[in-house]
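Q: Next comes the sequence, and after it the predicted model I'd like to discuss.
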Amino acid sequence: MSIRVEQRLWTSRDGWTVLPGSADAADAQLLLVFGGRVALEDDAARAAIRSAFPSANVVGCSTAGEICGTDVSDDCVVATALHFEHTGVRVAVEPLPSAIESEAVGERIARALLGDGLTHVLVLSEGVHVNGSELLAGLRRALPPSVVVTGGLAGDGAQFERTYVWHDDALLERHVIAVGLYGDRLHVGYGSMGGWDPFGPERVITRSEGNVLYELDGGSALALYKSYLGAYAGDLPSSGLLFPLSLRGDGTGPGVVRTILGIDEDAGSLTFAGDIPQGGVAQLMKANVDRLIDGSQGAATAAHNVMGQHTPDVALLISCVGRKLVLKQRVEEEVESVREVLGVNVPLCGFYSYGEIAPFTGSVRCELHNQTMTITTLDER
């Protein structure tokens, strides 16, 4: 029996609309809701969708753009209700007062979800005041190695000021929310790929603390960034989305990409979404539009390969706000490339984020990524 999926879209002009092709999932156990920050602040919109799915655990966050089917929107709300026949659902929520508490919060979230049959964890986090690497370190410490974690960091357009997560009737700032899915009938696919090109020399991280970068090759990291950004420097931190940092923590192995969340002019520092380990190797990156779209297709192919020959019942897409800013009018092409792989009948939902959570392809170890398209597919067999 398939997961029943019902999707609805809210706009300030039309209110809530049931999307064509939706099943009836009024008895859904899980409702995923993604929307622009201002749209989520509409009390009537939240109350209406909550009452439409009274038995569901409502889980969601603010975004830098919403994905519904192959459409990418701003300042609307996308709700995807999931009714499982054989899968249990449990939700854990923890406050995150500051980024330095990220690891402890991750561990508490994981311990709250531990239980027989835990198959998958979906995490949605505060997007600005968080160290995503440390959050995942805490999750990994407490979860069994076989449990895959996917998800993302909440967004606030290109503002980087204020983000929300949503749990049932509450819109929460500086919180982390996670969904545990339980049962051996649930099958999960996942994939995450980028598509950015490195430029300039590799540089050694000579001074950093957690997710704050002070020096590269012994010089000011902020000054170096500004020298490369040129005319874009005045628009930091948002312009930093166009020039992410490729990071190899120990100088070997696969790299992750890190996005700037903030700058400190006095300290000459840059704050990133995840750890910047001192002694690691970093290199600036820039956009290649065609490779970004190919990366989305590659992520879908990886998720499809994990699922084997089975067609998923639903796919969750979490892409980075930086990709959206680069792709501009072509942004829907990266979603359409996912559709080409997964098929026309698979409901797609998701959002543009400040950070993506998924394993590297071929691994089950969850990592924080930036500037990637990350896909999670679900089905029951």
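A: Sure, I can see it.
Q: I'd assumed V38 was in contact with G157.
A: No - contact between G157 and V38 fails when scored by CB atoms under 8 Å: they sit 9.2 Å apart. C-beta coordinates here come from the backbone N, C-alpha and C atoms, glycine included.
Q: who's more crowded, the two?
A: Applying other CB atoms under 10 Å to G157 and V38 shows that G157 carries more neighbours, namely 19 against 12.
Q: That one and T301, how far apart?
A: Plainly put, G157 is 30 Å away from T301 if you go by CB to CB, to the nearest Å.
Q: T80 too?
A: In terms of CB to CB, T80 sits 23 Å off from T301.
Q: more neighbours, those two?
A: Comparing T80 with T301 by other CB under 10 Å, the one with more neighbours is T80, at 25 against 19.
Q: the strands in the stretch 151-300 of the chain, which residues?
A: Here the stretch 151-300 of the chain has its strands, by DSSP state E, counting those that start in this stretch, at 165-167, 170-172, 175-182, 186-193, 197-198, 203-209, 212-216, 219-220, 245-248, 256-258, 260-264, 269-272, 281-286.
Q: And the ones you listed: which comes nearest M373?
A: strand 186-193 (6.3 Å; CB to CB).
Q: Tally up the residues packed near S55, please.
A: S55, neighbours per other CB under 10 Å, totals 11.
Q: again with A137
A: Neighbour tally, A137, other CB under 10 Å: 18.
Q: Which of the three states applies to it?
A: helix (DSSP: H, G, I helix; E, B strand; the rest coil).
Q: cool, and T311?
A: T311 is classified as coil under three-state DSSP.
Q: Now for L114: which residues touch it?
A: A142, L143 (CB atoms under 8 Å, 6 or more residues apart in numbering).
Q: Please verify my assumption that N370 contacts L261.
A: No - N370 is beyond contact range of L261, at 9.6 Å (criterion: CB under 8 Å).
Q: Now for those two: what residues contact both?
A: The contact lists of N370 and L261 share F272, A273, Y354, where a contact means CB under 8 Å, 6+ apart.
Q: domains of this structure?
A: Here the domain parsing of the chain from automatic domain parsing is 4-193+290-380, 197-286.
Q: Dump those domains into JSON lines; add mean pLDDT as well.
A: Listed next are the domains of the chain as JSON lines, based on pLDDT from 0 to 100:
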{"stretch": "domain 4-193+290-380", "mean pLDDT": "95"}
{"stretch": "domain 197-286", "mean pLDDT": "86"}
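Q: With respect to burial, which of those domains scores highest?
A: domain 4-193+290-380 (a mean of 21; mean count of other CB atoms under 10 Å).
Q: Now the terminal residues of that domain, how far apart.
A: Length of domain 4-193+290-380, first residue to last, CA to CA, to the nearest Å: 10 Å.
Q: Repeat that for stretch 64-74.
A: First-to-last residue span, stretch 64-74, CA to CA: 7 Å.
Q: Give me the contacts around that stretch.
A: By CB under 8 Å, 6+ apart, stretch 64-74 touches 7, 9, 19, 34-36, 76-78, 155-158, 317, 319, 321, 324, 331-332, 335-336, 339, 347-354.
Q: Go ahead and measure how far it is from the middle of the chain.
A: Centroid separation between stretch 64-74 and its chain, computed with CA atoms, centre = their mean, to the nearest Å, is 14 Å.
Q: what does stretch 91-107 give?
A: 16 Å.
Q: One more: stretch 131-142?
A: With CA atoms, centre = their mean, you get 15 Å for stretch 131-142.
Q: again, but for stretch 130-143
A: Worked out by CA atoms, centre = their mean, stretch 130-143 lies 14 Å from the chain centre.
Q: for stretch 275-290, same thing?
A: 18 Å.
Q: before we move on, what about stretch 200-211?
A: 24 Å.
Q: Just the endpoints, please. Distance across it?
A: End to end - CA to CA - stretch 200-211 spans 22 Å.
Q: Then stretch 191-201?
A: End to end - CA to CA - stretch 191-201 spans 29 Å.
Q: now stretch 60-79
A: Note: stretch 60-79 ends 9 Å apart using CA to CA.
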